[in-house]
Each structure stands twice: as C-alpha cells, then as structure tokens.
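Asker: I need the structure of the sequence given here:
(2 chains)
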Amino acid sequence: MDLSFETRVEEPWTILSIRGELDLQTSTRLQEELKSATDGGAWLALDLSGVSFMDSSSLGVLVGCLKRVREDGGEMALVGLRGSPRKVIELTGLDSVFRIAPDVPSLFTA
Amino acid sequence: VTVEAGPSRASDRVASLEVPRDERYVATLRAFVASVGRSWGLDVGLVEDLRLVVSELCSAPAQHVSTIGVEMRAQDGSIRLECHGVREPLGDGDGDEPMRRRLLLALAPDVRWWSDGTGDRVAFGLQLTG
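Answerer: Got it, this is the predicted structure:
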C-alpha cells in the first residue's frame, strides 16, 4: 500500500495526516516528513486514523520528533489511534509520553 | 518467493511463504499471515497480532541469510507460527530494540529462538479462536 502525507494548519496545530502502512521500509520517509513539518518549531498533531498498520520501526522516529518539538517549545499529539498503531503505542507505554486525542476536534477542547 | 500449502483438514493445516531478505518483502509476509489467518477463521484481533509479530520478527533478518520466511501451522486448537532467517528477537540492543522487545513479549510471551544450522528460527504459539 502506498504511503501518503497531507499537511494542513489549524492554529496552533500543524496537522500531518498519514495514510498507509508504517514499517521499517517507510521509516525513513516518515522521518523526512516529520522533519519537514516541524522545521522552525511547531505544535504537531499526527493524524494516524488512516494508518492501517504500524510496528515498532516507527517509534524511534516518533520519539525523536517529540523530543525535538518539545525542545523548541512546541507539543506533539497522536490523533485517531486504532488497530495496530494503538496497540503498539499502548503496549510500549508511549501513550503516557505523547499527548493522545481521539480526533482532531478534541485537540481544541482538551 | 515460495508458497506452500498443506493438507486442507481443519485440524491440521500448514502454510508457508519464503521471500528474499529485503525489507520490501516484510509487507508481503504480513499480508500472507493475515490472509491465511482469516481463511482459517481467526478473529480480527488475533490476525492483527499475527501481522504485528511477523513484522517485528522479520524486520530484523539474520546477517548471513538470503531469504526469510514464515510457516503457520494449525493443530489441536492452537496456531504455531515459525519465522526463519531472523535475528534473536529478545536480545539487548539500542535504538528501537527495547520497545520492540517489550512489544514482542506482550504479544507473544512464549516466543523462543534457536539456531538450527540452516538459519536462525523464532517460533511462538497462539490459541485459535472463532
């Protein structure tokens, strides 16, 4: 399945929506897209509702991005977790590290 | 790519797939175990767990192998999955390794690894449902 990224801004959040599968093969592309989305500092919401599969190969990339964003005074949220992305985040305990939201509108009400 | 399918008896079924040692084929192995799992009547959650475990194991191939593969066997109400050509899955490492290890132990607590001289192998079992 092809991997696609779409970025939009809903202040203060930059929302990066991902569709496809995230694994070892796609981790470099993910890293590049995250870097591009957070250049100059950002509040980044990663919408994973379109991700049909994710394994641990992407976790290091996500944690690295979180660290960078927070060092720049921003925040990073994971949105729309379901299926394997949700399981991977929960079983590794990262649900207590990232800000988690069920959907994009929830980012503005929490 | 090698695909083999065993006897069709519900109580004793086997299916295997072997692919080149290339990260592009990990998605193929995932799709294979998901397809076989669904055709054997596994519930959605179990199929998702199988995909995840196979992806974790097969994303770390052993150094010396040219192919990696999986074999699924359903027998006596349980399913056993074996991967070959992969590295020891629970070893110490850095980077993503600690999270990978935690994930594997949660999903497949009876995972075990051995080297049989033809390639490193990992096996684990799951209870069949549905």
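Asker: got the contact list for the helix or strand hosting residue B:82?
Answerer: Taking DSSP states H and E as the criterion, the element that holds residue B:82 is strand B:78-84. Contacting residues not belonging to strand B:78-84 are listed as B:33, B:37, B:40, B:42, B:50, B:53-54, B:57-58, B:65, B:68-74, B:118-128 [Cβ atoms under 8 Å, 6 or more residues apart in numbering or on different chains]. All C-beta atoms are positioned from the backbone trio N, CA, C, and that covers glycine.
Asker: low pLDDT regions in chain A?
Answerer: A:1, A:40-41, A:110 (pLDDT under 70).
Asker: Find the residue at the geometric middle of it.
Answerer: Centroid-nearest residue in chain A, with Cα atoms, centre = their mean: residue A:46, separated by 3.2 Å.
Asker: Would you confirm that that residue contacts residue A:13?
Answerer: No. If you go by Cβ atoms under 8 Å, residue A:46 and residue A:13 don't touch, sitting 10.2 Å apart.
Asker: any shared contact partners between the two?
Answerer: residue A:77.
Asker: rewinding a little: check contacts around the residue nearest to the centre of chain A.
Answerer: Residue A:46 makes contacts with A:16, A:18, A:34, A:62, A:76-79, as judged by Cβ under 8 Å, 6+ apart.
Asker: Same check on residue B:105?
Answerer: B:90, B:111.
Asker: which parts of the helix or strand encompassing it are buried?
Answerer: Applying DSSP H and E as the criterion places residue B:105 in helix B:97-107. Judged by neighbour count using 16 or more other Cβ atoms under 10 Å in any protein chain shown, the buried positions of helix B:97-107 are B:97, B:99-101, B:103-104, B:107.
Asker: Of those residues, just say which sits nearest to residue B:24.
Answerer: residue B:100 (19.6 Å; Cβ to Cβ).
Asker: Just give the nearest non-adjacent residue to the closest one, would you?
Answerer: The spatially closest residue to residue B:100, leaving aside those adjacent along the chain, is residue A:56, at 4.3 Å (Cβ to Cβ, 6 or more residues apart in numbering or on different chains).
Asker: what's the residue lying closest to residue A:99 once chain neighbours are set aside in contact with, if anything?
Answerer: Leaving aside its chain neighbours, residue A:99 sits nearest to residue A:77 (4.1 Å; criterion: Cβ to Cβ, 6+ apart). Contacts for residue A:77 (Cβ under 8 Å, 6+ apart) come out as A:13, A:43-46, A:98-101, A:107.
Asker: and if we set it to 10 Å?
Answerer: A:13, A:15, A:43-47, A:66, A:98-101, A:104, A:106-107, A:110 (Cβ atoms under 10 Å, 6 or more residues apart in numbering or on different chains).
Asker: Wait, residue A:84 touches residue A:57, no?
Answerer: No. Using Cβ atoms under 10 Å, residue A:84 is not in contact with residue A:57; the gap is 11.8 Å.
Asker: what do the two both touch?
Answerer: A:22, B:55.
Asker: Compare the two (neighbour count), which wins?
Answerer: residue A:57 (25 against 21; other Cβ atoms under 10 Å in any protein chain shown).
Asker: and that one, that's in a helix?
Answerer: Yes. Counting by DSSP: H, G, I helix; E, B strand; the rest coil, residue A:57 is part of a helix.
Asker: how about the residues of chain A near chain B?
Answerer: Applying Cβ under 10 Å from any Cβ of the partner chain, we find that chain A lies next to chain B at A:1, A:21, A:23-27, A:52-61, A:63, A:83-84, A:87-88, A:90-94.
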